[in-house]
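Colleague: Need coordinates for the following:
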Amino acid sequence: MGFEFLKSERPDLWDRFTRREEYENPIRDMYGRFPYWASRERDIFRPSVSEYLFEQGLVNPEYPDGCEFAVWVTHDIDIIYGSPYTKLIAGCLAIKQGDTKTAKQEILSLHTKKKPYFNFDEILSLEEKYGVKSTWFFQALNPGEPEFRYFLSDIECVFGDILEAGGEIGLHGGFEAPYNLDKLLLEKSRLEKILGQKVAGYRNHFLKFQMPDTLELLAQAGFSYDSTLGYADCIGFRTGMCHPYKPVNLNTGKEINIIELPLHIMEGSMFHHYMRLNFDMGWKLVQQIIERVQGCQGILVINWHNTSYREWSVERKLLEKILGYCQEKDAWMRTNIDAHQK
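Modeller: Just a heads-up that it's a prediction; the model follows:
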């Protein structure tokens, strides 16, 4: 992809691409993540590195059916059982939105386990409507490990439905995995045992990540690709890239043997916890990002948790707006494997 050319001709873009500042800046948030607010890169909504590489003819992606760009929909599965408290809050929010039907369903589900987050069939049906084939990142933790929320055996029954729909299953690494090869291998083996096949893809829980150590560990663990490199506190282009690429380790000066498909848009970043956008503000910003990805024939990577699919929610409404808009633009909306190998 012309790394040396980029390094010599545009050192500013080389530094963004390699995340040099994350080697040099010791600031981390409470989860050990490098946050956007600590970054000196302010043009976060522009894929400046991909744009430059595309203009120079150093990336020339091709997608099936003559599509100009691709959209890769992903899901991080953190929770599948809603607690009585979360259901009660959801019921109150539904009442506030004037959705009495949903409010009644939430209240009636207080005594059950599988509502409202065991909603895989609903998500697959929605994706079929828009011609989407997505990737699902599942945790593979056991009781006593940080952030344990469910057993793999609890959701084993949905793996076949996801694969039959043309989707893909990857590992959603636990809190300790991005810094510990033994943990990575253990969690990977747990998921592969239940799944009955090799796991190619990875994204870490809470987007915890250490540059370049995590990438080196993922390569050693046998993953084909990672999709963790996005900011939790802001959507956009952390590496300036919207094309798959092999990262470079600045400590060794060598490429790392893994493909990075950086994360661009996560609903949890946009609403409530971080950016606190409303629907109109969120859509205006997302539309701008989509058009810039299309402009350099890239792959837009989005992450929508299974907890964001209530019909009245702003997250659900925005996702359908995104998928409908990209469908009208004839984007290739398949798994990452389809998007960067075909």
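
Colleague: Next, the distance between the ends of stretch 55-68.
Modeller: 15 Å (CA to CA, to the nearest Å).

Colleague: Quick one: mean pLDDT over the helix or strand hosting residue 300.
Modeller: Assigned by DSSP states H and E, residue 300 falls within strand 299-303. Average pLDDT, strand 299-303: 98.

Colleague: what residues are up against residue 309?
Modeller: Listed by CB atoms under 8 Å, 6 or more residues apart in numbering, the contact set of residue 309 reads 119, 122-123, 126, 315-316, 319. (C-beta placed from N, C-alpha, C; glycine too.)

Colleague: Which members of the residues you listed are positioned in helices?
Modeller: 122-123, 126, 315-316, 319 (DSSP state H).

Colleague: Alpha carbons of the strand holding residue 300, in PDB - could you do that?
Modeller: Output of strand 299-303 as PDB, limited to C-alpha atoms (Å, rounded to 0.1, in the frame of the first residue of the first chain):
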ATOM      1  CA  ILE A 299     -15.200   0.300   3.700                       C
ATOM      2  CA  LEU A 300     -17.400   1.900   6.400                       C
ATOM      3  CA  VAL A 301     -17.300  -0.100   9.600                       C
ATOM      4  CA  ILE A 302     -20.200   0.300  12.000                       C
ATOM      5  CA  ASN A 303     -20.900  -1.400  15.300                       C
END
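
Colleague: picking up where we left off before, of the contacts of residue 309, closest to residue 48?
Modeller: residue 319 (26.3 Å; CB to CB).

Colleague: if I look at the residue nearest to that closest one when sequence neighbours are not counted, how far off is residue 267?
Modeller: Excluding its sequence neighbours, the residue lying closest to residue 319 (CB to CB, 6 or more residues apart in numbering) is residue 304, at 5.4 Å. Distance from residue 304 to residue 267, counting by CB to CB, to the nearest Å: 5 Å.

Colleague: Tell me the residues that contact both of these two, please.
Modeller: Joint contacts of residue 304 and residue 267 (CB under 8 Å, 6+ apart) are 315, 319.

Colleague: can you point me to the longest helix in this protein?
Modeller: Longest helix in the chain, counting by DSSP H: helix 279-295.

Colleague: can you pull the buried residues of it?
Modeller: Within helix 279-295, the residues that count as buried by 16 or more other CB atoms under 10 Å are 282-283, 285-286, 289-290, 292-294.

Colleague: Please apply the same query to stretch 20-32.
Modeller: Buried, per 16+ other CB under 10 Å, within stretch 20-32: 21-22.

Colleague: what's the span of it, first residue to last?
Modeller: 17 Å.

Colleague: Check stretch 196-210 too.
Modeller: 30 Å.

Colleague: hmm, back to that, tell me what angle the longest helix of the chain forms with strand 299-303.
Modeller: Here the directions of helix 279-295 and strand 299-303 differ by 150 degrees (axes from the mean of the first three to the mean of the last three CA atoms, to 10 degrees).

Colleague: Narrow the ones in helices among the contacts of residue 309 to those that are buried.
Modeller: 123, 126, 315-316, 319.

Colleague: any chance of those residues in JSON lines, plus pLDDT?
Modeller: Shown next, in JSON lines, are those (pLDDT from 0 to 100):
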{"residue": "123", "pLDDT": "97"}
{"residue": "126", "pLDDT": "97"}
{"residue": "315", "pLDDT": "96"}
{"residue": "316", "pLDDT": "96"}
{"residue": "319", "pLDDT": "98"}
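
Colleague: for the stretch 201-342 of the chain, what are the low-confidence residue spans?
Modeller: Counting by pLDDT under 70, the stretch 201-342 of the chain contains low-confidence residues at 337-342.

Colleague: The same query, at a cut-off of 80, please.
Modeller: By pLDDT under 80, the weakly predicted segments of the stretch 201-342 of the chain are 272, 335-342.

Colleague: What of the stretch 1-150 of the chain?
Modeller: Those would be 1-4, 82-116, if you go by pLDDT under 80 across the stretch 1-150 of the chain.

Colleague: where do the strands sit along the stretch 51-200 of the chain?
Modeller: Remark: strands assigned in the stretch 51-200 of the chain by DSSP state E, counting those that start in this stretch are 70-77, 135-138, 168-173.
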